[in-house]
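Enquirer: Build me a structure from this.
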Amino acid sequence: MKGAFLIIALLLLAVLLGLSIGQVMIGPAALWDGLWHGSGPGALFLRVLRGPGVGTALGAGAVLGMSGAIFQILLRNPLASPDVMGFTSGAGLAAIWGVSAGIALPIPLFSAIGGLAAAGAVIFLASGRSGTHAALTLILVGLGVGFFAAAASSFIMTRLPHQEATEAQRWLTGSLAARNWGHVLQVFGLGAALTLALALQTRSLALLELGDDLAAGLGTRISLSRGLLAVTGVLLAATGVAVAGPLPFIALMAAPLGARLTGARHPAGKLASAAAAGAIITVLADLASRAAIPGLQLPVGVMTGILGAPYLIWLLLREMETGDL
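Expert: Just a heads-up that it's a prediction; the model follows:
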């Protein structure tokens, strides 16, 4: 219970800091006045200047965090996450291709198709491996698929006009610039629907965490349950990519951080804590990207990369020491 209160308090603090700090500072009292009365500088910051960006960061971080938790539980490997395995890169590639081709379809649809296609490619290329190294094979193949998708995205950008290519590059790095309440509604609407679908699968996830043999003995259809959970995880990641770009390392870091803060052990608790931790990381990374260099807003993906790269190196070293790599 204390862990839940702690992570909620950290989340509220991150939101307050994200709304208050920037090139122009605004105090909590002014924000409260703007929220309560709907006028003044506080209302301007909440409605236009910072509210949409912070709201989008909350939603994108939450869905990426839950996606990472799903794959880490399913594959029982801390390296398993949609960004490391190339799913978010595939979602980004599909979105960039759709926009460059001028196809009049929603970006979330392109992202979902791209993420699912990348996941399908990883599973196909890694098929035939089973046992203790099956998860590691999926992760390594996913790294290759991710690099291919990133290279393909770069190639597409060379065919775009300069201004469009610049915007596309910023988005692919991971950006929350110029977000509006439409993006907030999009990520929270799709995220809520997918969270509901995930809630209906938490029992299957809990049983799969115990092991395939025990889960099968308790009546779980292993292949079907794994497939549905994987699709839900990919769609959650694609929802975040659609509004913020393929933010690196959020999905990788959120679940371990959330579990450490809350002490969650059941999959439902792990998913909830991962969502909260992902939101905290993304909001604080967005704040750092806006405040790090006066007069310049960096892509938020730069900050998540700075945070996540050392963690990934440490994780790889730890896995090699334990013999899992």
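
Enquirer: For burial, what's the neighbour tally of residue 85?
Expert: 31 (other C-beta atoms under 10 Å). From N, CA and C alone the C-beta is placed, and that goes for glycine too.

Enquirer: ugh, typo on my part, it should be residue 321
Expert: 9.

Enquirer: show me where pLDDT drops low in the stretch 201-325 of the chain?
Expert: Scanning the stretch 201-325 of the chain for pLDDT under 70 picks out 323-325.

Enquirer: try 80
Expert: Segments of the stretch 201-325 of the chain classed as low confidence (criterion: pLDDT under 80) are 212, 218, 294-296, 319-325.

Enquirer: Does residue 239 touch residue 109 like I think?
Expert: No. At 10.9 Å, residue 239 and residue 109 do not qualify as touching, with contact defined as C-beta atoms under 8 Å.

Enquirer: When those two are compared, which one has more neighbours?
Expert: More crowded of residue 239 and residue 109, by other C-beta under 10 Å: residue 239, with 30 against 15.

Enquirer: Check the gap between residue 120 and residue 177 for me.
Expert: Going from residue 120 to residue 177 by C-beta to C-beta, to the nearest Å gives 32 Å.

Enquirer: do residue 311 as well
Expert: 25 Å.

Enquirer: try residue 104
Expert: Taking C-beta to C-beta, one finds residue 104 at 24 Å from residue 177.

Enquirer: neighbour count winner among those two?
Expert: residue 177 (15 against 5).

Enquirer: Could I get the phi/psi values of the closest residue to the more buried one other than its chain neighbours?
Expert: Among residues not flanking residue 177 along the chain, residue 297 sits closest, at 6.0 Å (C-beta to C-beta, 6 or more residues apart in numbering). Residue 297 adopts backbone torsions of phi -100, psi 110, taken as degrees, to the nearest 10.

Enquirer: element containing residue 298, please.
Expert: Using DSSP states H and E, residue 298 is not contained in any helix or strand.

Enquirer: Next, count neighbours for it.
Expert: Count around residue 298 with other C-beta under 10 Å applied: 20.

Enquirer: Contacts only, for the residue nearest the centre of the chain.
Expert: A centroid search over the chain (C-alpha atoms, centre = their mean) returns residue 64, at 2.2 Å, as the residue closest to the centre. Counting by C-beta atoms under 8 Å, 6 or more residues apart in numbering, residue 64 touches 82-83, 88, 236-237, 240, 247, 250-251, 254, 278, 282.

Enquirer: hang on, the earlier thing: how much space between the residue nearest to residue 177 and residue 50?
Expert: Taken as C-beta to C-beta, the span from residue 297 to residue 50 is 12 Å.

Enquirer: For those two, indicate the residue with more neighbours.
Expert: Set residue 297 next to residue 50 and count neighbours by other C-beta under 10 Å: residue 50 wins out with 23 against 19.

Enquirer: so residue 289 makes contact with residue 303?
Expert: Yes. With contact defined as C-beta under 8 Å, residue 289 and residue 303 form a contacting pair (4.8 Å).

Enquirer: shared neighbours of these two, anything?
Expert: Contacts common to residue 289 and residue 303, judged by C-beta under 8 Å, 6+ apart, are absent.

Enquirer: could I get the contacts of residue 64 as CSV with neighbour count, distance to residue 167 and secondary structure?
Expert: Formatted as CSV, the contacts of residue 64 follow (neighbours: other C-beta atoms under 10 Å; distance: C-beta to C-beta, whole Å; DSSP: H, G, I helix; E, B strand; the rest coil):
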residue, neighbour count, distance to residue 167, secondary structure
82, 33, 24, coil
83, 28, 21, coil
88, 32, 19, helix
236, 30, 25, helix
237, 35, 22, helix
240, 34, 19, helix
247, 33, 17, coil
250, 37, 21, helix
251, 34, 24, helix
254, 30, 27, helix
278, 32, 25, helix
282, 32, 20, helix
